[in-house]
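Participant: Below: sequence and its predicted model.
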Amino acid sequence: MRMSSLNNIAYIILLIIIFVLIPLSGNQYIIHIMILSFINAILASALDLLVGYTGSLILGYAAFYAVGAYTSTLLSINIGLSPWLGVALGGVASMLTGLVMGIPALRLRGPYLAISTLGFGVIVYLLLINLDFITRGPLGIPNIPPLPGAGLIDFSSRTSYYYLMLTVYIIILYILWMLTSSRYGRILVAMREDEDAAKAVGINTSLYRISVYMISTFIAGVSGGFYAHYIRYVNPDMSSLSQSIAILSMVLLGGAGTVIGPSIGAFILMFVSEILRPLLEYRLLIYGALIILIIRFFPGGVYGYLIRNLVQRKTVSKEIVGEVKT
Amino acid sequence: MVAVGLTMIFGVMRFSNFAHGEFYMLGAYLTYTLSNYLKTDPYITMFVAALIVGLLGVALNKILIKPLYEAVVRARGTAMFYFQDLNFILMTIGLSILIVDLVLVIWKPIPIRVYTIMTDIVIKIGFLSIGAPRILALLIALISLSTLYIFLRKSRIGKAIRAVSQDPSAAMLVGINIWKIYDITMFISLTLAGLAGGVVGPIFNLYPNMGLDMVAKAFAVVILGGMGNVMGAIYAGFLFGVIENLGGLFIGTAYRDVIGFLIMIIVLWIRPQGILGR
């Protein structure tokens, strides 16, 4: 046990070193895709907190991402607020939106939850398009100020933004890892497996459900803010159904209910969709086929598949040996 | 007809089919294409199209859905709570996206009008004038639904379907092959959806998102009326339409869908049991 956790730490350090070294190649295109991958990985990890750990399928998730991005954008453009504060407030706005959706959705399960959150996503999308005196409608908002740097660091350069996103990504993943491996995470999984049983042992399931909505949507809002100040342009398509489906595909592809899985899915999907850019028309076709294939053949996603075939094979063979002995 | 198919899958197979509207759309598009190729009237080809959609459903059931059931039975050893299982929802959502985009690629996003010999015939009853396609749609819906009702009441297979819907485990114990029943259920409900699509074709335009819109509205109405409450669903359907359009009139048509979904969320918040529930 001790050995394996040491091994894990070694792998994580190795990965971080690789991530740190990537910008040294100087390839701006790769750095750009990596930054987008980080943002999407954060978003997918936040969604996984709901889909994977809590077992509640949220369909219009991109709405929170868009709310975060728009809040931060509008605050920094109209009021001249520092984009750093804007990103944080974007997270808060997204969290409040999450509350608005979360409270009515408390009693809903399965298909009803999925369809009402889909409806919620549609509402946000239509509001962003139709409130055009605030959001400029389908045109979107260009010329968003970049994050101001401090001293020698200037975040308008791609490389420094890369390191910023890497840091944010590692921090958020660490927080999620702490959360899910603590008592809190175990309670979420207990609720997912059997809500009535969880209630019976005295867990306030509504409180936990609301709190997990708030945490997840806060992270989504923050990632939206970082996206807005990086690309420096937002439009209502950020909250479209296809964006929500893309995030969901990342979670499922990587492996729902794991900390690292959604990130793997995000990186794979971001790079694959760059390679498949000529096939943009078929994007949803590919996502749909991907979801079906994963559910049918690899229920644990890529990460689950790797774990089953690399790690568990050893332990399973041990178990069988143990059984023969007894 | 779409709603009946949806309820049938939900009742018998115990999962909610998010791709159901897509089969309705597929029925409409197949009817259109078949009548173009065979140079026959859509009112003949729609039955062929519906059969094709139904057979497609059986194939999908065997390839995609059955393994999920087996996985759930392996994991939990029970045959009751499929509809809570995320995998079914995700699978049908994946299927729905796949079919919509496939249709988009094959038939292009431009709305299509279907012409039949009935299109221009208008029947006058008193001061009301109704297009013949609408009357035919009503007739076909009535005939197919009453046939289904008699089939479920009287025939051996119909009784078996009802048995499975009440208790799958007990049905299996008395020697009913539930996999076969699931295939048949899938066939019937998807044939109905396909036929509905074919019937609607000559009345409205065809567009790839028609199924998605239909199912989203159907779910909203079901939530509004209270889950599993048939009378509630009927009242809610009217109420939904009226409020949506009145709201559109006063606030602006761009917000029509916003209002519809907003009502749904408010009802969920205040009266989760639906407007008619106790």
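Facilitator: Cool, got the structure.

Participant: Below-threshold pLDDT in the chain: ranges please.
Facilitator: All of this refers to chain A. A:1-5, A:149-154, A:311-326 (pLDDT under 70).

Participant: I was thinking of chain B, sorry if that wasn't clear
Facilitator: B:1-16, B:74-85, B:115-130, B:223, B:225-234, B:248, B:252-254, B:256, B:268, B:271-278.

Participant: According to the record, where do the domains of it fall?
Facilitator: Listed domain ranges for chain B are B:2-207, B:209-278 (source: automatic domain parsing).

Participant: Skipping its backbone neighbours, what lies nearest A:Ile260 in space?
Facilitator: The spatially closest residue to A:Ile260, leaving aside those adjacent along the chain, is A:Tyr303, at 6.1 Å (CB to CB, 6 or more residues apart in numbering or on different chains). All C-beta spots, glycine's among them, are computed from the backbone N, C-alpha and C.

Participant: which stretches of chain B form strands?
Facilitator: Applying DSSP state E to chain B gives strands spanning B:122-125, B:128-131.

Participant: List the contacts of the spatially closest residue to B:Phe187 that is not a sequence neighbour.
Facilitator: Nearest-residue entry for B:Phe187: B:Gly54, 4.5 Å, with adjacent residues in sequence omitted and distances by CB to CB, 6+ apart. By CB atoms under 8 Å, 6 or more residues apart in numbering or on different chains, the residues touching B:Gly54 are B:186-188, B:190-191, B:194.

Participant: about what we covered before: what's the local residue count around the residue nearest to A:Ile260?
Facilitator: When counting by other CB atoms under 10 Å in any protein chain shown, one arrives at 22 neighbours for A:Tyr303.

Participant: Can you tell me what sits against the helix or strand where it lies?
Facilitator: If you go by DSSP states H and E, A:Tyr303 is part of helix A:301-306. Residues outside helix A:301-306 that contact it (CB under 8 Å, 6+ apart): A:251-256, A:258, A:260-261, A:264-265, A:268, A:294, A:298.

Participant: please redo it, this time with the cut-off set to 6 Å
Facilitator: With contact meaning CB atoms under 6 Å, 6 or more residues apart in numbering or on different chains, helix A:301-306 is reached by A:252-255, A:258, A:261, A:264, A:298.

Participant: now do stretch A:39-48
Facilitator: The contact list for stretch A:39-48, computed with CB under 6 Å, 6+ apart, reads A:61, A:65, A:169, A:172, A:176, A:216, A:219-220, A:223, A:226-227, A:247, A:250-251, A:256, A:262-263, A:266, A:270.

Participant: at 8 Å what do you get?
Facilitator: A:58, A:61, A:65, A:165, A:168-169, A:172-173, A:176, A:215-217, A:219-220, A:222-224, A:226-227, A:230, A:247-248, A:250-251, A:254, A:256-259, A:261-263, A:265-267, A:269-270.

Participant: Quick one: distance of that stretch to the chain centre.
Facilitator: In terms of CA atoms, centre = their mean, to the nearest Å, the centre of stretch A:39-48 is set 1 Å apart from its chain centre.

Participant: With stretch B:210-224 instead?
Facilitator: Worked out by CA atoms, centre = their mean, stretch B:210-224 lies 10 Å from the chain centre.

Participant: List the buried residues of it.
Facilitator: For stretch B:210-224, a neighbour-count test (16 or more other CB atoms under 10 Å in any protein chain shown) marks B:210-212, B:214-224 as buried.

Participant: ok, the closest residue to A:Gly300 other than its chain neighbours to A:Asp48 distance?
Facilitator: Residue nearest to A:Gly300 in three dimensions, not counting chain neighbours: A:Gly255, with 5.2 Å by CB to CB, 6+ apart. Separation of A:Gly255 from A:Asp48 (CB to CB, to the nearest Å): 9 Å.

Participant: Which one's more surrounded, the two?
Facilitator: Taking neighbours as other CB under 10 Å, A:Gly255 and A:Asp48 compare with A:Asp48 leading, 30 against 27.

Participant: So that one, which state does it fall into?
Facilitator: helix (DSSP: H, G, I helix; E, B strand; the rest coil).

Participant: Equivalent analysis for the one 10 residues further on, please.
Facilitator: Local secondary structure at A:Ile58 is given as coil here, using three-state DSSP.

Participant: Please identify every residue contacting each of A:Gly255 and A:Asp48.
Facilitator: Common neighbours of A:Gly255 and A:Asp48 (CB under 8 Å, 6+ apart) are A:261-262.

Participant: Please identify the residues of the stretch 51-200 of chain A in proximity to chain B?
Facilitator: A:51, A:55, A:57, A:59, A:101, A:103-105, A:107-112, A:114-116, A:118-120, A:122-123, A:126-127, A:129-130 (CB under 8 Å from any CB of the partner chain).

Participant: before we move on, the earlier item: report the buried members of the contacts of stretch A:39-48.
Facilitator: With burial judged by 16+ other CB under 10 Å, the buried subset of the contacts of stretch A:39-48 is A:58, A:61, A:65, A:165, A:168-169, A:172-173, A:176, A:215-217, A:219-220, A:222-224, A:226-227, A:230, A:247-248, A:250-251, A:254, A:256-259, A:261-263, A:265-267, A:269-270.

Participant: What about these, which are in helices?
Facilitator: A:65, A:165, A:168-169, A:172-173, A:176, A:215-217, A:219-220, A:222-224, A:226-227, A:230, A:247-248, A:250-251, A:254, A:261-263, A:265-267, A:269-270 (DSSP state H).

Participant: on that earlier part again, out of the domains of chain B, the one nearest A:Gly80 is which?
Facilitator: Ranking the domains of chain B by proximity to A:Gly80 (CB to CB) places domain B:209-278 first, at 30.5 Å.

Participant: How about stretch B:167-179, which residues are buried there?
Facilitator: Within stretch B:167-179, the residues scored as buried using 16+ other CB under 10 Å are B:168, B:171-172, B:176, B:178.

Participant: now stretch A:88-107
Facilitator: A:88-98, A:101-106.

Participant: ok, now stretch A:293-304?
Facilitator: Applying 16+ other CB under 10 Å to stretch A:293-304 flags A:294-296, A:298-304 as buried.

Participant: Would you confirm that A:Arg107 belongs to a helix?
Facilitator: No. Assessed with three-state DSSP, A:Arg107 is coil; it does not lie in a helix.

Participant: any idea how far the helix or strand where A:Ile30 lies is from the chain center?
Facilitator: When elements are defined using DSSP H and E, A:Ile30 is found to belong to helix A:28-48. Computed by CA atoms, centre = their mean, the chain-centroid distance of helix A:28-48 equals 9 Å.

Participant: Now it - C-alpha only, CSV.
Facilitator: Extracted in CSV, the C-alpha atoms of helix A:28-48 (Å, rounded to 0.1, in the frame of the first residue of the first chain):
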residue,chain,number,x,y,z
GLN,A,28,2.3,28.4,-29.9
TYR,A,29,-0.4,26.2,-31.4
ILE,A,30,0.2,23.3,-29.0
ILE,A,31,0.3,25.8,-26.1
HIS,A,32,-3.0,27.2,-27.2
ILE,A,33,-4.7,23.8,-27.3
MET,A,34,-3.2,22.9,-23.9
ILE,A,35,-4.6,26.0,-22.3
LEU,A,36,-8.1,25.2,-23.7
SER,A,37,-7.6,21.6,-22.5
PHE,A,38,-6.8,22.9,-19.0
ILE,A,39,-10.0,25.0,-18.9
ASN,A,40,-12.1,22.2,-20.2
ALA,A,41,-10.5,19.7,-17.8
ILE,A,42,-11.4,22.0,-14.9
LEU,A,43,-15.0,22.2,-16.2
ALA,A,44,-15.3,18.5,-16.8
SER,A,45,-13.9,17.7,-13.3
ALA,A,46,-16.5,20.0,-11.8
LEU,A,47,-19.3,18.3,-13.8
ASP,A,48,-18.0,14.9,-12.7
